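Asker: Would you be able to build a 3D model of this:
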Amino acid sequence: QVELVESGGGVVQAGGSLRLSCAASGRADSTYIMGWFRQAPGKEREFVAAIRWSDGTTYYADSVKGRFTISGNNAKNTVYLQMNSLKPEDTAVYYCAAARWIMLTRVSSPGQYDYWGQGTQVTVSS
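Answerer: Numbers count the residues shown, from 1 in each chain. Model prediction:
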């Protein structure tokens, strides 16, 4: 079992930055990939970014490429999401997720992840 706890959300003006953190405990060493998803009111949960621990390969949704950066430490117990040039449409609850194994063609699919955090709210004001 892996427990995930997010932090770092808040309210920021458009163009500003936030850094989210996700602390993993339990069998964090069993995870193959960790990622961030977000869900805005009335919308489905959508993929934001992911990092594969074996080689550090990162994956991003087109909507955040060039603005967001995912990173983590080698102990697999913390993953970060640096969010720059934030836009009002980035407003959502952001969730950290982890998978024991995943087909890389399905990195963006929420159903492929085994563990989820409780979420942290990010609000970008215009």
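
Asker: so where's the protein uncertain?
Answerer: 74 (pLDDT under 70).

Asker: Could I get the full set of strands for it?
Answerer: Using DSSP state E, the strands of the chain run over 2-7, 10-13, 18-26, 33-39, 46-52, 58-60, 68-72, 78-83, 92-99, 115-116, 120-125.

Asker: Paired strands for the fifth one, with orientation please.
Answerer: Using DSSP bridges, strand 46-52 pairs in its sheet with strand 33-39 (antiparallel), strand 58-60 (antiparallel).

Asker: Could you dump the strands of the chain into a markdown table and include mean neighbour count and distance to residue 105?
Answerer: Every residue, glycine included, has its C-beta placed from N, CA and C. Conversion of the strands of the chain to a markdown table gives the following (neighbours: other Cβ atoms under 10 Å; distance: least, Cβ to Cβ, whole Å):
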| stretch | mean neighbour count | distance to residue 105 |
| --- | --- | --- |
| strand 2-7 | 18 | 23 |
| strand 10-13 | 13 | 33 |
| strand 18-26 | 18 | 24 |
| strand 33-39 | 23 | 13 |
| strand 46-52 | 21 | 12 |
| strand 58-60 | 17 | 11 |
| strand 68-72 | 19 | 19 |
| strand 78-83 | 22 | 21 |
| strand 92-99 | 23 | 13 |
| strand 115-116 | 18 | 21 |
| strand 120-125 | 17 | 28 |
